[in-house]
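Colleague: sequence plus the predicted model coming up.
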Amino acid sequence: MQLDHDQLHQLLEALADSDIQEFRLEGDDFRLEVRRNLPAPAVVAPLMPVAAPAADIPLSPLEPRVEIVGPGTPPPAVPGSRSDLLEVTAPMVGTFYRAPGPGESPFVEVGSRISVGQAVCILEAMKLMNELEAEVSGEVVEILVDNGTPVEFGQVLMRVKPG
């Protein structure tokens, strides 16, 4: 998929006139992410530098990553949250999938050991499957979302005991 400057400008104008809060589009050689009126994520990893945006809508070349909220950072209000656990939160709105495909084994189960960079789930957004990678090593102690369930930005997906 290729986008020229005029197509990008038309897309950004259409998004500006809509009530869409978050939009992501990927092509062979680019990734476009538009976010507005959302709190900044706690932890992000840039994919590559990009030129300044063509409109007043902020663009961010973020690779889908797992946000980790730990003891040093105030966690969002979540019932039953334990201070010794790190929370894996959704970095975007989408549909949560525990496995890479129907009938396949889940990425992780309660009790699974995970390591940095390991895929822990998939979030589908706008027909794009985004693997979320762990940013911490540890043991999965809770999975809070059912397979195939829609999730919101910042929603806690699972909790991990670091170590």
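Modeller: Cool, the structure landed. Model, not experiment: these values are computed from the prediction.
Colleague: straight-line length of stretch 13-26, end to end?
Modeller: Distances were taken as Cα to Cα, to the nearest Å; on that basis the terminal residues of stretch 13-26 are 18 Å apart.
Colleague: any buried residues in it, and which?
Modeller: Neighbour counts over stretch 13-26 (16 or more other Cβ atoms under 10 Å) mark Leu15, Glu22, Phe23, Arg24 as buried. Bear in mind the C-beta positions are built from the backbone N, C-alpha and C, glycine included.
Colleague: now do it, average pLDDT.
Modeller: Taken as a whole, stretch 13-26 has a mean pLDDT of 78.
Colleague: now do stretch 144-159
Modeller: Per-residue pLDDT values over stretch 144-159 give a mean of 93.
Colleague: now do it: distance from first to last residue.
Modeller: With Cα to Cα as the measure, the first residue of stretch 144-159 is 8 Å from its last.
Colleague: now do the buried residues in it.
Modeller: Within stretch 144-159, the residues that count as buried by 16+ other Cβ under 10 Å are Leu144, Val145, Val151, Phe153, Gly154, Gln155, Val156, Leu157, Met158, Arg159.
Colleague: keep only those of those that are in strands.
Modeller: Counting by DSSP state E, those place Val151, Val156, Leu157, Met158, Arg159 in strands.
Colleague: I'd like those laid out as TSV, including distance to Leu86.
Modeller: Listed next are those as TSV, based on distance: Cβ to Cβ, whole Å:
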residue	distance to Leu86
Val151	18
Val156	10
Leu157	12
Met158	9
Arg159	7
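Colleague: ok so, going back, could you dump the buried residues of stretch 13-26 to a markdown table with distance to Glu135 and secondary structure?
Modeller: What follows is the buried residues of stretch 13-26, written out as a markdown table (distance: Cβ to Cβ, whole Å; DSSP: H, G, I helix; E, B strand; the rest coil):
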| residue | distance to Glu135 | secondary structure |
| --- | --- | --- |
| Leu15 | 29 | helix |
| Glu22 | 20 | strand |
| Phe23 | 24 | strand |
| Arg24 | 19 | strand |
